[in-house]
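Undergrad: the sequence and its predicted three-dimensional model are supplied below.
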Amino acid sequence: MFEKEFQNIHNLAKTHDIKDYDVYLSKSRSFSVKIFHQDIDAYNYSDSIGLGIRVILDGSTGYSYSEKLDKESLNMALLSAKDNARNVDYKEKVILKNYPSIIEKLDIYNGKLEQIPVESKIKKAKEIEKIALGSDKRIFNVPHALIGDNESFFKIANSNGLNKEYSTNACYGLSFCLAKDDNETKSGSADTMSRNFDDIDPTKISNEAVQKALELVGAREIDSGNYPVLFNNEMSATLLSTFWSIFSAKNVQEGQSLLKGQLDKNIANPILSIIDDALLSAGYNTRPFDDEGYPSQKTTLISEGKLQSYLHNTMTALKDGTISTGNASRSFKTSINISPSNLFIKPGLTSKNNLYSMFPRCVEIVQLSGMHSGCNTISGDFSMGALGFYCEDGQRKYPIHNFTVSGNFLQLLKHIVGLADDLKFKLSATGSPSILVENLSISG
Amino acid sequence: MIKNSIIERILQKALSNGADFSEIFFEDSTSSTMQLLDSKIVKSITGNDCGAGIRVFYGNKAIYAYTNDVSEKGLLKAAEVASKAEIGDKSLQVVNLIKTVYDSPHKIITPFNSIHNNEKVAFVHLIDTASRNFSEYISQVSITYMEKVQNIMIANSDGLSAHDQRTYARVYVSSIAHKENQMQTGSEGPGALMGYEFFKNLDPEELGKTTAERAVKMLLAEYAPSGKFPVIIGNAFGGVIFHEACGHSLETTAVAKGASVFADKLDTQIANPCVTAIDDGTMPNKWGSSTIDDEGNPTQRTVLIEKGILKSFMIDKLGGMKIGIPSTGSGRRQSYKFAPTSRMRNTYINIGSDTIDDMISSIEFGLYAKKMGGGSVQPGTGDFNFSVGEGYIIEGGKITKPVRGATLIGNGKDILKKISMVCDDLELAEGMCGSQSGSIPTCVGQPTIKVDEIVVGGRKEK
């Protein structure tokens, strides 16, 4: 697809004597339907294309993008990328290569998904709301009962002959419900993503959301103090997706990560390993190559407590004298950065139930709020609103609310003393088992 | 942009399956951003966003489709997709489009393209130098310079046709102070609905110094205490408390579903009588202002709370239909990629008559949150949280020392009643607010206020 547009750019670049450049195109289609009171509450459909151009001129990089693909717009985009390169006084060596392709077959596109009739999607979204509302009289509202799917096509080419593309798609279901008892409201949410529409099970999603809301009803307050803290798998994954940027080689090189100078050092408890795997089977972010066209791989970031690697693109790798980990990321509107693919904490061997009894008492956290405001990804400090359970004698005693949990992410990695076997991925493609942290500050 | 006859055909196509209403939002925007890091311009991006969104109502059901194929054929296809989502029983004709031109109170003096790039680059460097000169603890300064011109056209099947041009200028500065294993940041992000004159009137040295000073102060500060105690919240960005704790719950998005704690509270006392709160989209050249909203209605000044009594919600067209109250010109969206919904503009707590000195001397032990960080709220429960960017401990009626790492958490409906004192030093501060219809420019604001009791999450026990 889009061979003509790419050829136009190559020809125009020749005309303007632009020698080093790459072109990134994404085309996406998305659909979602949201149900409220058994009726359509929101129905969204989109079909969009965007193209980004990067021009390298005397070691400086300039960017531009356009949502129009006619020859004149492409010409304008090419020229403004060249102008922007002149603005930039930061020089950086950029490698534009024709990288080889990986042979493995990745199941990231299911053609059948495109054939699912809209009526089936609406029906499923209606079921999500209906099941939740019918499950318990305390469930009084389901603000989000949603089914959606999306399909993306990416194409990357550069001035050294690279020309690659791939398509990926997925569908998802989501429930967010509210439970009320006396004057107290608690929420619960659940979601699933898959490349098979039949895997989206409204009963399972609804029951999970309902259970999560109901088990928190009747929450009490908790005395401030230091407690062992058990983050359930979802909240541990949330923490990881909030703080992943400390692993970005770009942040390290720019002095914005605490992991600077920590390579090959023990930065976490030896039970902890963290992995980024762009080839993970059925992963949400599984892909054949990254946004520079660099082949995907599996990278161990922390191995048994030791920091083994940062996440690299080809530019940060060159600076560190290493090779890319295939974590270049961009959208057509942005410059090349770094992001994880499928990032996860390696699960342990014990069940979550066994974690409760590792200490005489602990606080279990099942909901967190304020990730973007209460977490400082540069200092590692966090202080977040939380909901969960007070646990004693190896089990949950009662739900608790209106408290914060605070600490420092790096300290936390050192003080993880238990890992369960319940690895779960969130829609953000970050996964974790439940983790037990020796000691954190709780204030209520 | 597009001929009236074509627009009418598209709107008619969107009605063709028996819909009640159809609307097209067309956008053609250009934007430029530049980033400075390590005292060098490291990034420069220019771009064009162009596309159209089509919205169709069947009763209170909203269907939205967008595309950036803005040819007549492309738009007709999007209109068809949207119309086919439902079957209605109406057979409406598009009312002849009559273009309304509004006189804009937001005058633009210096267009961005009249200023040479070198001047913009020099401006950014001045901020960087001032920050680094302030203290040797400053290890990094990140500055993002942003300019944007958004051209929009809106037309609907009721015959509305309007356009607007919005010119935005903003610079975001983040200074990082570093000592041993510790890092702290100080940030400011002033912006306006203005052209390059906004940057000309801004003092780059002051901006660099303020952010550096805050970062260093917090670097050397102790951790904040934990517990429940009185908190004084500083003016300007302190208004984020109202924005998060109450503002979002007063948008029809939350109200119409009964998912807001304030849904059934119109004309009742929801706040302490010292609280009056306003959402105003008409303030000249303010960051959250515009001549018309993204549904084509002139923006308004909406009194939300008067002396503690809830007077109005923030209402868009669809939300208004659901709750039976007309729009307050509050329909907003990030771009053509989003269906509009009710959103805040410039939202603030109005002035009171207390003084900061009286507030401080009234507190035996508490926190002065002089500068707030960001936050969020869950409208369903009203639970909010936000971080303190610059905080001080109050002991025995006096400010004693700076503290860092504090988070304030609580519930919107509770905190409104616990605001007991309000100063007269009202100021607004600019931010980007993210919600259902995307990320949009809004101002938060307030005078300095005192909250009698709030949970502070720190690292030390009191």
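TA: Yep, it's here. Residues are numbered from 1 along each chain as shown, chains lettered A, B, ... in the order given.
Undergrad: so where is chain B shaky, pLDDT-wise?
TA: Segments of chain B classed as low confidence (criterion: pLDDT under 70) are B:1, B:379-380, B:459-462.
Undergrad: show me where it has its helices.
TA: B:4-15, B:72-83, B:117-134, B:197-200, B:204-219, B:240-245, B:252-255, B:317-323, B:356-361, B:412-418 (DSSP state H).
Undergrad: TSV for those, including distance to residue B:183?
TA: Yep, even glycine has a C-beta here, placed from its N, CA and C like the rest. Conversion of the helices of chain B to TSV gives the following (distance: least, Cβ to Cβ, whole Å):
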stretch	distance to residue B:183
helix B:4-15	52
helix B:72-83	47
helix B:117-134	15
helix B:197-200	29
helix B:204-219	8
helix B:240-245	23
helix B:252-255	36
helix B:317-323	43
helix B:356-361	30
helix B:412-418	31
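Undergrad: quick one, helices of the stretch 101-250 of chain A?
TA: Ranges of helices within the stretch 101-250 of chain A are A:118-135, A:202-214, A:233-243, A:249-253, based on DSSP state H, counting those that start in this stretch.
Undergrad: I meant the stretch 301-444 of chain A, not that one.
TA: Per DSSP H, counting those that start in this stretch, the stretch 301-444 of chain A carries helices over the ranges A:314-320, A:352-356, A:371-374, A:409-414.
Undergrad: is the third one positioned near chain B?
TA: Yes - using Cβ under 8 Å from any Cβ of the partner chain, helix A:371-374 comes into contact with chain B via A:372-374.
Undergrad: just the last one next, same as before
TA: No - Helix A:409-414 stays clear of chain B (Cβ under 8 Å from any Cβ), getting no nearer than 8.6 Å.
Undergrad: so for that helix, mean pLDDT?
TA: Confidence for helix A:409-414, expressed as mean pLDDT, is 96.
Undergrad: now tell me what touches it from outside.
TA: Outside of helix A:409-414, the residues that reach it under the criterion Cβ atoms under 8 Å, 6 or more residues apart in numbering or on different chains are A:239, A:243, A:246, A:258, A:267-269, A:272, A:302, A:375, A:380-382, A:437, A:440.
Undergrad: how about the helices of chain B in CSV, adding distance to chain A and mean neighbour count?
TA: Formatted as CSV, the entries for the helices of chain B read as follows, by distance: least, Cβ to the nearest Cβ, whole Å; neighbours: other Cβ atoms under 10 Å in any protein chain shown:
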stretch, distance to chain A, mean neighbour count
helix B:4-15, 12, 20
helix B:72-83, 5, 20
helix B:117-134, 6, 18
helix B:197-200, 16, 19
helix B:204-219, 9, 22
helix B:240-245, 9, 27
helix B:252-255, 8, 26
helix B:317-323, 10, 21
helix B:356-361, 23, 16
helix B:412-418, 10, 20
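Undergrad: who's in contact with residue B:177?
TA: If a contact means Cβ under 8 Å, 6+ apart, then residue B:177 has B:135, B:137-139, B:183-186, B:212, B:215-216, B:218-219 as its contacts.
Undergrad: is it in a bridge, and if so with what?
TA: Residue B:177 has these beta-bridge partners by DSSP bridges: residue B:138, residue B:184.
Undergrad: residue of chain A closest to chain B, please.
TA: Using Cβ to the nearest Cβ, the point where chain A gets nearest to chain B is residue A:404, with a distance of 2.7 Å.
Undergrad: who's in contact with the residue lying closest to that residue once chain neighbours are set aside?
TA: Excluding the flanking residues, the one nearest residue A:404 by Cβ to Cβ, 6 or more residues apart in numbering or on different chains is residue B:457, at 2.7 Å. With contacts defined as Cβ under 8 Å, 6+ apart, the neighbours of residue B:457 are A:374, A:383-385, A:403-406, A:443, B:226, B:406-409.
Undergrad: let's see that with 7 Å instead.
TA: Under the criterion of Cβ atoms under 7 Å, 6 or more residues apart in numbering or on different chains, the contact list for residue B:457 reads A:383, A:404, A:406, A:443, B:226, B:406-407, B:409.
Undergrad: may I see the ChimeraX selection of the buried members of those residues?
TA: Applied in ChimeraX, the following selects the buried portion of the contacts of residue B:457 according to 16 or more other Cβ atoms under 10 Å in any protein chain shown:
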select /A:383,404,406,443 /B:226,406,407,409
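Undergrad: ok, the contacts of residue B:457 vs residue B:130, which is closest?
TA: Nearest to residue B:130 among the contacts of residue B:457, counting by Cβ to Cβ, is residue B:406 at 27.4 Å.
Undergrad: residue contacts, that closest one?
TA: Residue B:406 sits in contact with A:383, B:224, B:367, B:388, B:391, B:456-458, where contact means Cβ under 7 Å, 6+ apart.
Undergrad: want to throw those residues into a markdown table with distance to residue A:143?
TA: Formatted as a markdown table, the contacts of residue B:406 follow (distance: Cβ to Cβ, whole Å):
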| residue | distance to residue A:143 |
| --- | --- |
| A:383 | 27 |
| B:224 | 33 |
| B:367 | 33 |
| B:388 | 30 |
| B:391 | 34 |
| B:456 | 29 |
| B:457 | 27 |
| B:458 | 32 |
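Undergrad: out of the residues you listed, which is nearest to residue B:278?
TA: Each of the contacts of residue B:406 was scored against residue B:278 by Cβ to Cβ, and residue B:388 proved nearest at 24.7 Å.
Undergrad: what is the neighbour count of that closest one?
TA: When neighbours are defined as other Cβ atoms under 10 Å in any protein chain shown, residue B:388 has 32 of them.
Undergrad: give the contact list for it.
TA: Residue B:388 makes contact with B:369, B:372-373, B:406, B:408, according to Cβ under 7 Å, 6+ apart.
Undergrad: I figured residue A:196 hits residue A:110, correct?
TA: Yes - distance between residue A:196 and residue A:110: 6.5 Å, which falls inside the contact criterion (Cβ atoms under 7 Å).
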